[in-house]
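K.L.:
Here is a sequence together with a model predicted from it:
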Amino acid sequence: MQGTLIGGLIVGLLFGFLLQRSRMCFNSAIRDVRYFKDNWLWKQGLMAIAVETIGFQLMAALGAIKLNPSAFIPAAQIVGGFAFGMGMVLAGGCASGVTYRIGEGNAVAIIAATFYALFAGAARNGKLKSITALFGKPITVTMENPGVYAAKDGQVAPTVANLLGIDPWIVAIVFALIIFAYLFFTKTSQRKAPMHWTVGGILIGLVGMLGYWSQQTYSLGITGGWINLFTATLTDAPYNWIGMEVFGIIIGAFISALIFKEFKIRFPKDPKAYAYAVIGGALMGWGAGVAGGCNIGHFLSGVPHLAISSLLATAFFILGNWFMYWLLYGRD
Amino acid sequence: MAEVKPDYTLDMRGEVCPVPDVETRRKLKTMKSGEILEVLIDYPLSKERIPANAPKEGGEVLSIEETGPSEWRIVIKKK
């Protein structure tokens, strides 16, 4: 199952099913915690991150994976991250949110995802690549003994641990404890959801670990998968693990929505929603292409590495989201 | 339960996240005490989030009923 198309498909099916059941959308999570004073989804996301923080470390210690933090390009993560954050509000969902909602029959999600794929691909490999290059080259840390990290010529992307020269285990445990303290010692909003946030969070974390083991080079992602689905369909490039994972998410969410009678072809009556989906999808795709990942690649999968790139990108996803929400809905 | 006649109806079917939640909140803010709002939605997340957040705007959820395939009607009374 390692690195194979079927492995990607199975992980994607599980992830899509779980996303639909747990309603895990990071656009909602980030917005709700600030503007609705509702931390249900936010806590679910952080629970998954805490599980992965310990889980990835454990898997690396056991030799099942090598930790591969994302490349650190500060300007790219700041500008791309902010663009992504703004885009997800306009598109009505984050990268994983629009992907799983295609499976629920959401017409706007299909539009947003298409423009997401086009602009992410253009920023990474296509006509917008020269602009992406303007943000600079990755900053790395030289490690004589990379240990649990995947190194390229002795170079590793910076993490809190390797930057400060602390054992990654210590950083992981402290970070996970801080998250747990927040999760269990602060007040949680209540809602009647099909899956409790603790259960949803733990299961998403476990799928993240399975994804890392299966893909080997990284945990879950969305951006690379959408680019691959388009590129492999339009050129003679082959489909890959992450392309199949994204395809699996759509099918997994579709199966879940069918079983629990939540599938319906949905069209907004407000024409503005379609324009927002195009602009939002494009902005989000470009942002993720530049920043080197989306809310899954950087937030869900990258933050557990305590990668500086992912922490910075995530901070700007959040700021971009809050800014655009305030602009569109928050000023009343 | 006895059928209550809503003073206002928000048809949010088809709308994307978080429009149903935002519009419900906006409407609740402008309503007078005792008035009834009916919200029609087809977005699963909002079915759970609107009832969870209505009390913050003084809304009391009277009922949530399934009205069709992945369609729900939420009735909220302003306290």
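P.N.:
All right, it came through fine.

K.L.:
Skipping adjacent residues, who's closest to whichever residue of the stretch 101-250 of chain A sits closest to chain B in space?
P.N.:
Residue nearest to chain B within the stretch 101-250 of chain A: A:R191 (3.7 Å; C-beta to the nearest C-beta). In short, each C-beta sits where N, CA and C put it, glycine included. Closest residue in space to A:R191, ignoring its immediate chain neighbours: B:A52 at 3.7 Å, by C-beta to C-beta, 6 or more residues apart in numbering or on different chains.

K.L.:
The one you found: what's it in contact with?
P.N.:
Counting by C-beta atoms under 8 Å, 6 or more residues apart in numbering or on different chains, B:A52 touches A:D38, A:W40, A:S189, A:Q190, A:R191, A:K192.

K.L.:
In chain A, what residue lies closest to chain B?
P.N.:
A:G92 (3.3 Å).

K.L.:
Tell me how far the residue nearest to the spatial centre of chain B lies from B:E65.
P.N.:
By C-alpha atoms, centre = their mean, chain B has its centre lying nearest to B:V39, at 3.6 Å. B:V39 sits 12 Å away from B:E65, going by C-beta to C-beta, to the nearest Å.

K.L.:
returning to what we had before: for the residue nearest to A:R191, pull up the helix or strand it's in.
P.N.:
Using DSSP states H and E, B:A52 maps to helix B:44-53.

K.L.:
next one: the next helix or strand after that helix to chain centre, how far?
P.N.:
Next in sequence after helix B:44-53, counting helices and strands by DSSP H and E, comes strand B:59-68. Taking C-alpha atoms, centre = their mean, to the nearest Å, one finds the center of strand B:59-68 at 7 Å from the center of the full chain.

K.L.:
Is there a neighbour count for A:A157? I'd like the number.
P.N.:
By the criterion of other C-beta atoms under 10 Å in any protein chain shown, A:A157 has 27 neighbours.

K.L.:
Helix, strand or coil: sort out the nearest residue to it once chain neighbours are set aside for me.
P.N.:
Using C-beta to C-beta, 6+ apart and skipping residues adjacent in sequence, the residue nearest A:A157 is A:P69, 4.3 Å away. Assigned with DSSP: H, G, I helix; E, B strand; the rest coil, A:P69 falls in the coil class.

K.L.:
pLDDT wise, what is A:P69 at?
P.N.:
At A:P69, the pLDDT value in this model is 98.

K.L.:
tally of neighbours for it?
P.N.:
Neighbour tally, A:P69, other C-beta under 10 Å: 26.

K.L.:
for it, what are its contacts?
P.N.:
Going by C-beta under 8 Å, 6+ apart, A:P69 touches A:Y149, A:V156, A:A157, A:P158, A:T159, A:G302, A:H305, A:L306, A:A307, A:I308, A:S309, A:S310.

K.L.:
Go through those residues and flag which are in helices.
P.N.:
A:I308, A:S309, A:S310 (DSSP state H).

K.L.:
In CSV, list the residues you listed along with neighbour count.
P.N.:
CSV is the format used below for these (neighbours: other C-beta atoms under 10 Å in any protein chain shown):
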residue, neighbour count
A:I308, 22
A:S309, 28
A:S310, 29
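
K.L.:
Return the residues in contact with the residue nearest to the centre of chain B.
P.N.:
So B:V39 contacts B:T9, B:L10, B:M12, B:P20, B:T24, B:I50, B:R73, B:I74, B:V75, B:I76 (C-beta under 8 Å, 6+ apart).

K.L.:
Would you give the sheet partners of the helix or strand harbouring it, along with the direction of each?
P.N.:
Per DSSP H and E: B:V39 is located in strand B:36-41. Strand pairing for strand B:36-41, determined by DSSP bridges: strand B:8-11 (parallel), strand B:71-78 (antiparallel).

K.L.:
could you give the mean pLDDT of the longest one?
P.N.:
Just to be clear, that refers to strand B:71-78. According to the model, strand B:71-78 has a mean pLDDT of 96.

K.L.:
Using PDB, list the CA coordinates for that strand.
P.N.:
Presented in PDB, the C-alpha positions along strand B:71-78 are these (Å, rounded to 0.1, in the frame of the first residue of the first chain):
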ATOM      1  CA  GLU B  71     -33.500  19.600   3.600                       C
ATOM      2  CA  TRP B  72     -34.400  21.000   7.000                       C
ATOM      3  CA  ARG B  73     -36.700  23.600   8.600                       C
ATOM      4  CA  ILE B  74     -35.600  25.300  11.700                       C
ATOM      5  CA  VAL B  75     -38.100  27.300  13.700                       C
ATOM      6  CA  ILE B  76     -36.600  29.900  16.000                       C
ATOM      7  CA  LYS B  77     -38.500  32.300  18.400                       C
ATOM      8  CA  LYS B  78     -36.900  35.500  19.500                       C
END
